[in-house]
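Undergrad: Following is a predicted model, sequence given first.
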Amino acid sequence: MKIKVVLEKTKTGYSAYAEKEMVFTTGRSLQELKSNVIEALQLHYEQVGKNFAERDLQLAVDLPQFFEFYKVINAKALSSRIGMHQSLLAQYIKGIKIPSAKQTTRILKGIQDVGKELASIQFMGL
């Protein structure tokens, strides 16, 4: 059973809530937040004895929050890579415009492709 958890960046760290559960929590880092979400879900389901792990979470974030979390991703380079006008992607990132499902999928696929490439890289001498 995957539980959808929405992540948000705050001034002091991160917050999260489970979409279909009455579970809310915060953390100073993403790792602390994930740990706190798991603990909160276990407390919520304490009576039925359900144990949760990170694999049980489906983490969700909107486009502006994603780029806030991962500032290391260059939006200009990503827009070029996925064939999207830079100003349009910037408007999506700033929340000025809301991308359609098709555009969201296009952006996500571009980001995931970069992630797969990075995950397959090996440095010489390792």
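TA: Nice, thanks for sending it over.

Undergrad: What is the least confident helix or strand in the protein?
TA: Least confident helix or strand, the chain: helix 63-69 with a mean of 87, by mean pLDDT, DSSP states H and E.

Undergrad: what sits up against it?
TA: 7-9, 30, 61, 73, 75, 92-95, 99, 104, 107, 111 (C-beta atoms under 8 Å, 6 or more residues apart in numbering). For the C-beta atoms, the positions are set from N, CA and C on the backbone; glycine is no exception.

Undergrad: Show me these that map onto helices.
TA: Those of the contacts of helix 63-69 mapping onto helices are 30, 75, 92-94, 104, 107, 111, per DSSP state H.

Undergrad: And the least confident helix or strand of the chain, how far out from the chain middle?
TA: 8 Å (C-alpha atoms, centre = their mean, to the nearest Å).

Undergrad: And it, what's buried?
TA: Under the neighbour-count criterion of 16 or more other C-beta atoms under 10 Å, helix 63-69 has 63, 65-67 buried.

Undergrad: Chain neighbours aside, what residue packs nearest to the residue sitting nearest the centre point of the chain?
TA: Among the residues of the chain, the one closest to the centroid is residue 61, at 4.4 Å (C-alpha atoms, centre = their mean). The shortest distance from residue 61 to any residue other than its chain neighbours is 4.8 Å, reached at residue 7 (C-beta to C-beta, 6 or more residues apart in numbering).

Undergrad: where in the chain is pLDDT low?
TA: For the chain, applying pLDDT under 70 flags the ranges 126.

Undergrad: Which residue of it lies farthest from its centroid?
TA: Distance to the chain centre peaks in the chain at residue 125, reaching 32.4 Å (criterion: C-alpha atoms, centre = their mean).

Undergrad: List the buried residues in stretch 36-48.
TA: Those would be 36-38, 40-41, 44, for stretch 36-48 by 16+ other C-beta under 10 Å.

Undergrad: what do you get for stretch 104-117?
TA: For stretch 104-117, a neighbour-count test (16+ other C-beta under 10 Å) marks 106-107, 110-111, 114 as buried.

Undergrad: starting at the chain centroid, how far to that stretch?
TA: With C-alpha atoms, centre = their mean, you get 12 Å for stretch 104-117.
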